[in-house]
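Undergrad: sequence-free structure coming up:
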């Protein structure tokens, strides 16, 4: 049985679209959570990073959904921003499960996007 | 008189935001133009490239408008996609000023984003 | 046992977010399908309607994900545009399961958004 | 000389696209300003309203840029959300020119979108 390369690629693509879509939604929900928490959760650097993360996750997912080859570029940007956002969220995650959930979603999305960007 | 580095950077940022905003709008108008033209103007590869270009231009502009540091990553992706889109539009520009205008806007945006990504 | 009104509302909101998210993704995939089909599938009126549908579905979902009250307005616009898009896709659905799938996703999204807009 | 109805409509459309584009950008800049101010500027209701306003302004502008008829629906939603956002910003505008500028941009955008939605 020959190795089904195309199917493997398609499965990888679908998993990346799903990770980006989930990360986009969780970032938006976590931004709302941060606004309700206040304090360092609403610092400019953290909040604008989360907003950029939500935006690039959506752009990356949409580019893959359309089947455009240039998804390698949007995935590269998405991986880098998700890594930064995962770190920023993890730094606020002690005793705050919403921040941990966002850190996990960002890290998961970064992993998938790194594969697709290569 | 000392060189005003911060002001120069701010002027460069504003110019890049403006180039991304213009390129986003012109790509959307040119997609509509392509749909009215038909033929090779509506081929999958060309059209999905223009859609990706419109999206990353907006994401890049929005990230700079918020003052988020990670604009280096969105600008890098934007520069690469704008370069590809400029080429795709230029290949259809003979006798079609709308495609030339889009090629020019993409090339201009790529130049500004390359500076901001560095 | 009292009727749990808040939980019912939250379930309705989650279902609407999910319907908008699905419709956004399916519209983008179906736009790519239309570009591969050509002919009346790539007519300006149909294609720009599908693009508007993808955009307002995302805006509507994002507004609900943030918990913003003004989702009533984005859901009203989303319902109207999804109704129009469902009709446009259904008119091309004979022997084309991709168009039927998109018509169904739009109609489902319209139903959920009509409830949230009221 | 006959009244040039089409040209008048086109001028109105261009003015609305410009107002939506300006309002989108100013909302994003003002969100960053609010994050730097803190206090009631970063309350959940105000911030998520500004985010919804930025999103619907872009969706409304993009729908008009593509020449899609359904812009009447996105403009109706945009007008309603801009009115609410103008009010929310105006309530914080005393001694804060950035909030006044955003309130003005939202009110201007609402006026243009009301005309296009009719």
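TA: In hand now; what should we look at? None of the values given here were measured: they were computed from a predicted structure. Numbering: from 1, shown residues only, chains lettered A, B, ... in the order given.

Undergrad: and the helix or strand hosting residue A:6, anywhere near chain C?
TA: Residue A:6 belongs to helix A:5-37 when assigned by DSSP states H and E. Yes - applying Cβ under 8 Å from any Cβ of the partner chain, one finds helix A:5-37 in contact with chain C at A:17, A:21, A:25, A:28-29, A:31-32. Every residue, glycine included, has its C-beta placed from N, CA and C.

Undergrad: Mind checking if that helix is in reach of chain B?
TA: No - judged by Cβ under 8 Å from any Cβ, helix A:5-37 makes no contact with chain B; its nearest approach is 11.7 Å.

Undergrad: so what does that helix touch, helix or strand wise?
TA: helix A:44-65, helix A:71-90, helix A:97-117, helix C:5-37, helix C:44-65, helix D:44-65 (3 or more Cβ pairs under 8 Å, 6 or more residues apart in numbering or on different chains; DSSP states H and E).

Undergrad: quick one: contacts for residue A:88?
TA: Going by Cβ atoms under 8 Å, 6 or more residues apart in numbering or on different chains, residue A:88 touches A:45-46, A:49-50.

Undergrad: try residue A:65
TA: A:17, C:25, C:28-29, C:32.

Undergrad: mind giving me CSV with these and columns for neighbour count, pLDDT and distance to residue C:92?
TA: Shown next, in CSV, are the contacts of residue A:65 (neighbours: other Cβ atoms under 10 Å in any protein chain shown; pLDDT from 0 to 100; distance: Cβ to Cβ, whole Å):
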residue, neighbour count, pLDDT, distance to residue C:92
A:17, 22, 98, 25
C:25, 20, 98, 19
C:28, 26, 98, 17
C:29, 19, 98, 15
C:32, 19, 98, 15
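
Undergrad: of all those, which comes closest to chain D?
TA: Within these, the smallest distance to chain D is 14.1 Å, found for residue C:28 (Cβ to the nearest Cβ).

Undergrad: before we move on, the earlier item: out of the contacts of residue A:65, which comes closest to chain B?
TA: Nearest to chain B among the contacts of residue A:65: residue C:32, at 6.4 Å, using Cβ to the nearest Cβ.

Undergrad: you'd agree the closest one is up against residue A:64?
TA: No - using Cβ atoms under 8 Å, residue C:32 makes no contact with residue A:64, being 10.5 Å away.

Undergrad: sorry, back to before: the helix holding residue A:6: which residues count as buried?
TA: By neighbour count on 16 or more other Cβ atoms under 10 Å in any protein chain shown, the buried set for helix A:5-37 is A:13, A:16-17, A:19-35, A:37.

Undergrad: From chain B, how far off is residue A:12?
TA: Distance of residue A:12 to chain B, given as Cβ to the nearest Cβ, to the nearest Å: 19 Å.

Undergrad: now residue A:73
TA: Residue A:73 is 4 Å from chain B, by Cβ to the nearest Cβ.

Undergrad: Likewise for residue A:77?
TA: 4 Å.

Undergrad: and that residue, what pLDDT?
TA: The per-residue pLDDT reported for residue A:77 equals 98.

Undergrad: Quick check, it in contact with residue B:76.
TA: Yes - at 6.4 Å, residue A:77 and residue B:76 qualify as touching, with contact defined as Cβ under 8 Å.

Undergrad: between the two, which one's more packed in?
TA: The residue with more neighbours, out of residue A:77 and residue B:76, is residue A:77; 30 against 20, by other Cβ atoms under 10 Å in any protein chain shown.

Undergrad: and that one, what does it touch?
TA: Listed by Cβ under 8 Å, 6+ apart, the contact partners of residue A:77 are A:56, A:60, B:56, B:73-74, B:76-77.

Undergrad: Report the two of the residues you listed separated the most.
TA: The largest separation in the contacts of residue A:77, counting by Cβ to Cβ, is between A:60 and B:76 at 13.5 Å.

Undergrad: For residue A:4, give its distance to residue A:53.
TA: Per Cβ to Cβ, to the nearest Å, residue A:4 is found 33 Å from residue A:53.

Undergrad: Among the two, which residue is more densely surrounded?
TA: Per other Cβ under 10 Å, whichever of residue A:4 and residue A:53 has more neighbours is residue A:53, with 34 against 10.

Undergrad: Name the nearest residue to the more buried one, sequence neighbours excluded.
TA: residue A:85 (4.0 Å; Cβ to Cβ, 6 or more residues apart in numbering or on different chains).

Undergrad: Run through the residues that contact that neighbour.
TA: Going by Cβ under 8 Å, 6+ apart, residue A:85 touches A:27, A:49-50, A:52-53, A:102, A:106.

Undergrad: before we move on, what about residue A:118?
TA: Shown in contact with residue A:118 (Cβ under 8 Å, 6+ apart): residue A:72.

Undergrad: Next one: it from residue B:29, what distance?
TA: For residue A:118, the distance to residue B:29 (Cβ to Cβ) stands at 34 Å.

Undergrad: cool, and residue A:15?
TA: For residue A:15 relative to residue B:29 (Cβ to Cβ), the value is 35 Å.

Undergrad: which stretches of chain A aren't confidently modelled?
TA: A:1-3 (pLDDT under 70).

Undergrad: now with 50?
TA: Under the criterion pLDDT under 50, the flagged ranges of chain A are A:1-2.

Undergrad: Kindly confirm whether my reading is correct that residue A:41 touches residue A:30.
TA: No - taking contacts as Cβ under 8 Å, residue A:41 lies outside contact range of residue A:30: 9.2 Å.

Undergrad: Name the residues contacting each of those two.
TA: residue A:99.

Undergrad: which one is residue A:33 nearest to, not counting chain neighbours?
TA: Take residue A:33 and drop its neighbours on the chain: the residue closest to it by Cβ to Cβ, 6+ apart is residue A:98, 4.6 Å away.

Undergrad: Can you give me the neighbour number for that neighbour?
TA: Residue A:98: 19 surrounding residues under other Cβ under 10 Å.

Undergrad: That one: what's it in contact with?
TA: Residue A:98 makes contact with A:29-30, A:33, according to Cβ under 8 Å, 6+ apart.

Undergrad: okay if I get those residues as a markdown table plus distance to residue D:8?
TA: A markdown table is the format used below for these (distance: Cβ to Cβ, whole Å):
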| residue | distance to residue D:8 |
| --- | --- |
| A:29 | 44 |
| A:30 | 47 |
| A:33 | 48 |
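
Undergrad: Among those, which one lies nearest to residue A:110?
TA: Looking across these and measuring by Cβ to Cβ, the closest to residue A:110 is residue A:30, at 15.7 Å.

Undergrad: That closest one touches residue A:101, doesn't it?
TA: Yes - counting by Cβ under 8 Å, residue A:30 does reach residue A:101; the two are 7.5 Å apart.

Undergrad: picking up where we left off before, most surrounded residue in the contacts of residue A:85?
TA: Neighbour-wise, those (other Cβ under 10 Å) top out at residue A:53, 34 neighbours.

Undergrad: That one touches residue A:80, doesn't it?
TA: No - applying Cβ under 8 Å as the test, residue A:53 and residue A:80 come out as separate, 10.2 Å apart.

Undergrad: Return the residues in contact with residue A:55.
TA: By Cβ under 8 Å, 6+ apart, residue A:55 lies in contact with B:59, B:62-63.

Undergrad: So it versus residue A:83, what's the distance?
TA: Distance, residue A:55 to residue A:83, by Cβ to Cβ: 16 Å.
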